[in-house]
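J.: no sequence for this one, just the structure:
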């Protein structure tokens, strides 16, 4: 079979579910477009001779049962939902590459020793309802009815009404599968590291931990004309010192530490008033928990010392504190060998700076991910794209990984 | 006469026009409260034996005609309007101190050689309609019908309808008075320089010039997790460097230069996106035109160099460029001598960082101002206050200045 033409046909078909005129997809959980996509995927799995099953919430599996170790499952896939005006690759490419890899292996090598299972996860993005990882959290019985029973979408439609309308329901039992021996997810990078370094494959060794703060400083609002510099307690000046010093420090510490001050609002935010108050965000990520902890301590110390030096009060609110997730070393190694075979040294072992379903799986089963490059790093945007030759390489690497995991003793 | 009790009675009476429960005044141009205040002021001037006249727009004069040089007028006063929820001293104190000083001089010394005129200017704040200095600009025939004939207040009431309702109209002729030999305005400082330096009187030597910019930088929006520090063009980082460097430089240059970054809005202003764009304000003031020009050049150079170093585009829009206004040296000197006589060395020669009616007068007639302290620098606020002993000192200094200007050959 020709991987590229197979991918292009499948991608065209599935991009039509929620497909937008300008390209890209809007396909939100339990929407008509989502429903059409999962029902079509069910048919496609059947056409490929896979055993198909939905779980209660709408995660869809297509299984190629193993000949010798049928109760040992090698799982691969990603999420079927998209963000609003998202691209055609985020999530969808992980499902299609899984399907194509399994189809290829089946055609070339026949039945595997272990069961191969292609997985379409119902939801990851949190774009319709304020809840993320609905698919993978249900897979491991982590999502609870209480988490979603009161939430609504932007049109006031209740989560459970949308779910019932789609023909799905809450999880009806607490059983968690114990047959999964590995999970491998293919995803676009959504960054531009691979492109910049001219690499074709990212071998993901973990998903970064992150801490997010909301910080408030209170100084004194004053007239911008009548208040000499020496009598000011200007929170924008304190803020700028904090940003400048901490960014400098983050650069010194170096990759993969990232630090972002994405949100800032001074009060009153007016041209002719010395801003007496400011609220800003800090987003800090690292793959190493200790390094993340150490730097977050520096962040807090810097904020305190600048506030105190400027006679300001401060409030530092750490509202997100997610630990890094490490991928399984054995499977990382298999992915790396497969990458090397397919692209030589054009691969990079790297952390993922964004969250993925794999971070849920990694807590329960041996997990790995592989990335293909994103053109200009663009994602969550209808212009999201990857060179088709790179997509094909991603599928080829996955196929070799699955062969190693499912066909070898 | 007792200056303090006279002031307290007058202040109580006039604060009742637009007076608020929590203290302070809302008295907007041509409102019923404003109308009541100017009509009561007219009666009060008459009771004090002053010749009273309104001009076309509602500026009110009370004249004590000179015995020898009746065609030479020494003018003193300020504006009768307030901001919304303003204090009881901003503007009003300038009128009342003028009235009390003239009353005192008349009672003690009788008719002056030159004419003394107490002036209530119709409007300065621009708080009801989007137009400032309506009173003083009409005084010198600077305001034009075309400036205001289409403007409305927040309730949709047209400027000219409100004016006509109050019994006033546009200026009916182009004659500008040539009898004014001096204008002296007493005002609260609206800053906290005098309080901080334990001074009772500010001898104002000028009103600062100011330049205001709106600056836009464009870098690149990126995912806060997947974009390494080295691949970012983060506009908040560039902004913080600009603020930090220019504030440091402004402090080095020293008083009376002030520099304020009051407004900032990054785009998209979200915790987990590297901000690819930012818009911010720069407000820079100095009493010396050359110093202001020099520093504004530094501002522009810094923005350009930081933008270029960070591979960003920039737009620097200078939308306000007001020249400094210098007070008249001879009158400054008279004010300084009177301050010295009344408070010893507890006075300070200083610029005004805020705008005042005096800046309009200074272009046409010899002008000076004197300040009394503002408690905690608070103004444009119902909590605006000055120690009554300081208010009395202000009136006493004004009286001595007027004596020098109107009673001496």
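T.: Okay, I see it. As the structure is a computational prediction, the values presented were derived from the model and not from experiment.

J.: how about the strands in the stretch 101-250 of chain A?
T.: Using DSSP state E, counting those that start in this stretch, the strands assigned to the stretch 101-250 of chain A run over residues A:114-121, A:180-188, A:201-207, A:209-218, A:222-223.

J.: in JSON lines: those, plus distance to residue A:409, mean neighbour count and mean pLDDT.
T.: Every C-beta, even on glycine, is put in place using the N, C-alpha and C of the backbone. Formatted as JSON lines, these follow (distance: least, C-beta to C-beta, whole Å; neighbours: other C-beta atoms under 10 Å in any protein chain shown; pLDDT from 0 to 100):
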{"stretch": "strand A:114-121", "distance to residue A:409": "10", "mean neighbour count": "27", "mean pLDDT": "98"}
{"stretch": "strand A:180-188", "distance to residue A:409": "13", "mean neighbour count": "26", "mean pLDDT": "98"}
{"stretch": "strand A:201-207", "distance to residue A:409": "24", "mean neighbour count": "25", "mean pLDDT": "97"}
{"stretch": "strand A:209-218", "distance to residue A:409": "36", "mean neighbour count": "21", "mean pLDDT": "96"}
{"stretch": "strand A:222-223", "distance to residue A:409": "76", "mean neighbour count": "23", "mean pLDDT": "90"}
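
J.: how about the ones you listed in JSON lines, adding distance to residue B:126?
T.: Putting the strands of the stretch 101-250 of chain A into JSON lines (distance: least, C-beta to C-beta, whole Å) gives the following:
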{"stretch": "strand A:114-121", "distance to residue B:126": "59"}
{"stretch": "strand A:180-188", "distance to residue B:126": "54"}
{"stretch": "strand A:201-207", "distance to residue B:126": "55"}
{"stretch": "strand A:209-218", "distance to residue B:126": "29"}
{"stretch": "strand A:222-223", "distance to residue B:126": "16"}
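
J.: of all the ones you listed, which one is nearest residue A:318?
T.: In terms of C-beta to C-beta, the element of those nearest to residue A:318 is strand A:209-218, at 5.4 Å.

J.: just checking, what packs against the closest one?
T.: helix A:235-253, strand A:277-286, helix A:289-309, strand A:313-322 (3 or more C-beta pairs under 8 Å, 6 or more residues apart in numbering or on different chains; DSSP states H and E).

J.: closest point of the stretch 51-200 of chain A to chain B, which residue?
T.: Across the stretch 51-200 of chain A, the shortest distance to chain B (C-beta to the nearest C-beta) belongs to residue A:191, at 2.8 Å.

J.: what sits against the closest residue to chain B within the stretch 301-409 of chain A?
T.: Across the stretch 301-409 of chain A, no residue is closer to chain B than residue A:353, which sits at 3.2 Å (C-beta to the nearest C-beta). Residue A:353 makes contacts with A:191, A:208, A:256, A:258, A:285, B:223-227, as judged by C-beta atoms under 8 Å, 6 or more residues apart in numbering or on different chains.

J.: so who does the nearest residue to it once chain neighbours are set aside touch?
T.: Spatial nearest neighbour of residue A:353, chain neighbours left out: residue B:225 (3.2 Å); criterion: C-beta to C-beta, 6 or more residues apart in numbering or on different chains. Applying C-beta under 8 Å, 6+ apart to residue B:225 gives the contacts A:191, A:208, A:210, A:258, A:285, A:352-355, B:272.

J.: could you rerun that using 6 Å?
T.: A:285, A:353-354 (C-beta atoms under 6 Å, 6 or more residues apart in numbering or on different chains).

J.: where's it relative to residue A:79, distance?
T.: 17 Å (C-beta to C-beta, to the nearest Å).

J.: which strand or helix spans residue A:71?
T.: In the assignment (DSSP states H and E), residue A:71 maps to strand A:69-79.

J.: contacts for that strand, please.
T.: With C-beta under 6 Å, 6+ apart as the criterion, strand A:69-79 contacts A:91, A:94-95, A:98, A:113-121, A:124, A:135, A:179-185, A:357, A:405-406.

J.: by how many degrees do it and strand A:180-188 diverge?
T.: 20 degrees (axes from the mean of the first three to the mean of the last three C-alpha atoms, to 10 degrees).

J.: next, the buried residues of strand A:69-79.
T.: Within strand A:69-79, the residues that count as buried by 16 or more other C-beta atoms under 10 Å in any protein chain shown are A:69, A:72-79.

J.: pairing partners for the helix or strand of chain A with the lowest mean pLDDT, with directions?
T.: When each helix and strand of chain A is scored by mean pLDDT, DSSP states H and E, strand A:222-223 comes last, with a mean of 90. In the sheet, strand A:222-223 lines up against strand A:273-274 (antiparallel) (DSSP bridges).

J.: end to end, how far does stretch A:156-173 reach?
T.: Its start and end residues considered, stretch A:156-173 measures 29 Å (C-alpha to C-alpha, to the nearest Å).
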